[in-house]
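Asks: All I have is the shape, not the residue letters:
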């Protein structure tokens, strides 16, 4: 009996001491399966385009497939909320978007997530200027012609949704230009708005430049103004809003890489460390130039990225209140 008790005690001590690690399963290295990269807007828009450019290069760097998953709805809120409530295990990532984290925050009294604290925000990826577009055969060949018309009769501009960046920019333009009949027509994303522009159901559209570059080059669309501080080298004939008398419309829409809050530091650090190299890869950099949607140099990461977000939330909340733009 004493011998048996001795053996039981030895076994317990061994399990609690030196031998214990052999009974604990080591956590598998990350990543050991595919990763989903959530795009919270429909296919064909800014987020989807950039996500599908980056996904294969992220997969190559990580050694696992990266699958783009479109979870559109409610101006990007549905897909963003999916990520906010996902496990913080590195297998669900988000192409975060100013349209949600800044503009929805500025225009919606309630969101199902905290845009800052419910996420691990790793890096500011790229930013796209906004443009106001018309069809090439539009009677409005300059911004002043469009605004002159909108001072006396309805002229419609489409956007990717109520409370979106294009909506707020259009509202600012209407106010600054004293063109009260520049009427906002919201859509569930940029693609359906473009369809209506081409079908002549609306006269104009405010949108990020990204997915419109090719049609601007082939002459089917005409940009009347761009929201950059200076004219774009690729489109030197397109004036800036600032030079046309509307400096408040100088802005850009950014995309970032984010994950649910509580992402383990080693995973966040690995993703943050690898992204600048991916953004700088010649083939991807060339596509960003093609799309006129470029990264900053260097791309803001971590706290610097969050600081941009906080500042823009403050700025655009003031704009939303000025024009009484409230969603929901």
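Replies: Thanks, I have the structure now. Here the structure is a predicted model, which is why all the values come from computation and not from measurement.
Asks: Quick one: the helices in this protein, in order.
Replies: With DSSP state H as the criterion, the chain has helices at 2-16, 46-62, 77-84, 98, 105-107, 143-150, 165-176, 190-198, 213-218, 265-279, 282-291, 303-322.
Asks: and residue 133, which of those helices is closest to it?
Replies: Of all these, it is helix 190-198 that lies closest to residue 133, at 6.9 Å by C-beta to C-beta. (Glycine included, C-beta is placed from N, CA and C.)
Asks: and that closest one, what's its mean pLDDT?
Replies: pLDDT averaged over helix 190-198 equals 93, rounded to a whole number.
Asks: quick revisit: I'd like the helices of the chain as a markdown table, with distance to residue 91 appended.
Replies: Output for the helices of the chain, formatted as a markdown table (distance: least, C-beta to C-beta, whole Å):
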| stretch | distance to residue 91 |
| --- | --- |
| helix 2-16 | 32 |
| helix 46-62 | 11 |
| helix 77-84 | 11 |
| helix 98 | 25 |
| helix 105-107 | 26 |
| helix 143-150 | 46 |
| helix 165-176 | 30 |
| helix 190-198 | 28 |
| helix 213-218 | 33 |
| helix 265-279 | 10 |
| helix 282-291 | 23 |
| helix 303-322 | 22 |
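Asks: tell me the most buried of these?
Replies: Among these, the stretch with the highest mean neighbour count (mean count of other C-beta atoms under 10 Å) is helix 98, at a mean of 27.
Asks: what sits against residue 154?
Replies: When the contact criterion is C-beta atoms under 8 Å, 6 or more residues apart in numbering, the partners of residue 154 are 181, 183.
Asks: in the stretch 51-200 of the chain, what spans have low per-residue confidence?
Replies: Across the stretch 51-200 of the chain, nothing is flagged by pLDDT under 70.
Asks: quick one: which of the helices of the chain is nearest residue 136?
Replies: With distances scored as C-beta to C-beta, the stretch of the helices of the chain nearest to residue 136 is helix 213-218 (8.7 Å).
Asks: Centre of the chain to that closest one, how far?
Replies: On the basis of C-alpha atoms, centre = their mean, to the nearest Å, helix 213-218 is displaced by 22 Å from the centre of the chain it belongs to.
Asks: just use 657 as the starting number from now, easier for me
Replies: Fine by me, first position is 657 from now on; the one you just mentioned is helix 869-874.
Asks: How about residues contacting that helix?
Replies: Outside helix 869-874, the residues touching it (C-beta under 8 Å, 6+ apart) are 789, 865, 877-879, 890-891, 946-948.
Asks: Let's see that with 7 Å instead.
Replies: Outside helix 869-874, the residues that touch it by C-beta atoms under 7 Å, 6 or more residues apart in numbering are 877, 879, 891, 946-948.
Asks: Quick one: mean pLDDT for it?
Replies: 95.
Asks: before we move on, what about stretch 944-962?
Replies: Computed over stretch 944-962, the average pLDDT equals 95.
Asks: What is the end-to-end distance of it?
Replies: The stretch stretch 944-962 measures 23 Å between its terminal residues, going by C-alpha to C-alpha, to the nearest Å.
Asks: picking that back up, so which of the helices of the chain gets nearest residue 696?
Replies: With distances scored as C-beta to C-beta, the stretch of the helices of the chain nearest to residue 696 is helix 733-740 (2.8 Å).
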